[in-house]
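Asker: Dropping a prediction and its sequence here:
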Amino acid sequence: MDNNRYEKSPMSIFFENFVLATINKLPEDKTAKLNSIDLSRIFNTETKDWKLVVKQVLHLSETIEIAILDLWYKNQELAAQRNVEYHPNQFAIDFVDNFLKEGSRIDIWPGDSLEEAKKRIKQFQQGDI
């Protein structure tokens, strides 16, 4: 991994791991390590759960997990159509980079797009897509 990336934005590594946890691709050893770090003390938060600390510190919305899952499943479908693999780690990096870009529209839900995303996620998880 590019250490310069994390020197510029140290929270990116936690956000990337949050993305991996959301798509259920965070290895158990990393989960254990993140659970052992007292992020609540470091960032002076009341919550102890590392994922909730990341959400609070980065001011992530209540729908961020929906945005992550929706894009993950869409990208997995595109990768399958192209007969390529989109590795979860690369997805996490790409998601964080795109989310943090100026003018990002990730996790913005105009009209009924949030409900549509929820439906797509349910269909993917049930294997209907």
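Answerer: All right, it came through fine. Residues are numbered from 1 along each chain as shown.

Asker: which non-adjacent residue is nearest the residue nearest the centre of the chain?
Answerer: Centroid-nearest residue in the chain, with C-alpha atoms, centre = their mean: residue 19, separated by 2.3 Å. Computed as C-beta to C-beta, 6 or more residues apart in numbering, the closest residue to residue 19 that is not its neighbour in sequence is residue 92, at 4.0 Å. (Each C-beta comes from the backbone N, C-alpha and C, glycine too.)

Asker: Pull up the per-residue confidence for that neighbour.
Answerer: On pLDDT, residue 92 comes in at 98.

Asker: Contact partners for it?
Answerer: Counting by C-beta atoms under 8 Å, 6 or more residues apart in numbering, residue 92 touches 16-17, 19-20, 23.

Asker: give me that answer again for 7 Å
Answerer: Contact partners of residue 92, counting by C-beta atoms under 7 Å, 6 or more residues apart in numbering, are 16, 19-20.

Asker: for the one helix or strand it maps to, which positions count as buried?
Answerer: Element membership for residue 92, per DSSP states H and E: helix 88-100. By neighbour count on 16 or more other C-beta atoms under 10 Å, the buried set for helix 88-100 is 88, 91-93, 95-96, 99.
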